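[1] With the input below, show me the fold.
(chains A and B)
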Amino acid sequence: MAIGWYLTVSALIFCIGAGGVLVRRNPLVILLCLELMLNGANLSLVAFARMWGREDGQIFALIVMVVAAAEVTVGLGLVVAIYRRRLPIDVDELNELQG
Amino acid sequence: MSSVIFFIAAIGAIAGAIGVVLVRNPFYSVLCLAFHLVSLAALFLLLRAEFVAAAQVVVYAGAVMVLYVFVVAYVGGGEQLASGAVLRVLGPLFALALAVELCIAMLGAGLKGVSSDGAPFVPGFGTPAHIGTLFLTTYLFPFELASILLLIAAVGAVVLARRRRGLEPDEQLEFRIDAPRPAYTGTMAEAAGVRPRPGDEPVGATTSDPVPQQGGW
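    Okay, here's the model as predicted:
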């Protein structure tokens, strides 16, 4: 398969994730959609690594996975803290920081 | 053969992604994401990235998804929230515009490499040995930085999610049993008259100083 097919799939996954971040209001689902966007970027990184025949892109993809895991950990910690304080689990209601 | 596997995996990945966004119950969203991740690992394998595919399945579809499932089970599904009317219309439109724009930018760029099958395959490409060698030589600094980042994230998650003020107001640590006790089985404080016995009138209580607690200790 040509590399362009993989890039098309990665673009579609990224855009589905971006649309999900905009549409959904549950912070858990927003975190899942962020994962989708990161995975779309990962797929294009690995595809470019295949295109060049070098493994640097795969290293980049692995680092992105580490950063995604860290982001998920902190994000889920925030969700648990929100739940503990009996606040609504809804990003439109949690707007005290918007100044 | 590889194109058949590609289309199956690509359709699975895109269907999983759409499922994450459209399914109402967050638990099913997590399951859709796990399916999406496994399909994506198949695509990685087609791109000869064995180690990345294995890490994807083990780290993502294994560990991170378990974390999600635990938090969804703890927090619960939440209400069935519908987004605001403006974003409900504009969000999909924005996503569609972004998809069209990205496809035009990548496929219409006229890059020769995009329409090729990639560089000639070298044996050992993408194996753990090559990745490990690169991580410990060229990319040693990002590797160490990633480990420090993971440590910070773990500590930060514990700090964010721990209990701060002890028990919540409506929680009880222990349950007090109010059943009547036989005589001579009280505590030393009750025998010395410091605390009232369960059935007795409070010792030394005057009418102007009612002792509120009547329950046993």
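[2] so where's chain A uncertain?
    Residue ranges of chain A with pLDDT under 70: A:98-99.
[3] Chain B now?
    B:77-84, B:164-191, B:193-217.
[4] check contacts around the residue nearest the centre of it.
    Central residue of chain B (CA atoms, centre = their mean): B:Y68, 3.1 Å from the mean position. B:Y68 makes contacts with A:28, A:31-32, A:72, A:76, B:30, B:33, as judged by CB atoms under 8 Å, 6 or more residues apart in numbering or on different chains. All C-beta spots, glycine's among them, are computed from the backbone N, C-alpha and C.
[5] hmm, which two among the residues you listed are most spread apart?
    A:L76 and B:L33 (13.5 Å; CB to CB).
[6] Helices of chain A, start to end?
    With helices called from DSSP state H, chain A shows them at A:3-23, A:27-52, A:56-84.
[7] What of chain B?
    B:2-22, B:26-46, B:50-55, B:65-75, B:85-107, B:128-136, B:140-161, B:188-191.
[8] Deepest-packed of those helices, please.
    Stretch with highest mean neighbour count among these: helix B:26-46 (a mean of 22; mean count of other CB atoms under 10 Å in any protein chain shown).
[9] How about it and chain A, touching?
    Yes: interface with chain A: helix B:26-46 contributes B:26, B:29-30, B:33, B:36-37, B:40, B:43-44, B:46 (CB under 8 Å from any CB of the partner chain).
[10] between those, which is nearest B:F143?
    Using CB to CB, B:F44 is the member of the residues of helix B:26-46 next to chain A that sits closest to B:F143, with 19.9 Å.
[11] Relative to B:A9, how far out is that closest one?
    9 Å (CB to CB, to the nearest Å).
[12] May I have the phi/psi pair for B:T137?
    phi -120, psi -70 (degrees, to the nearest 10).
[13] A:R54 too?
    Dihedral pair for A:R54: phi -130, psi 150, per degrees, to the nearest 10.
[14] list the contacts for it?
    With CB under 8 Å, 6+ apart, A:R54 has these contacts: B:A119.
[15] what about it, distance to B:Q56?
    Distance from A:R54 to B:Q56, counting by CB to CB: 20 Å.
[16] try B:E101
    Using CB to CB, one gets 27 Å for the distance from B:E101 to B:Q56.
[17] cool, and A:I63?
    Distance, A:I63 to B:Q56, by CB to CB: 13 Å.
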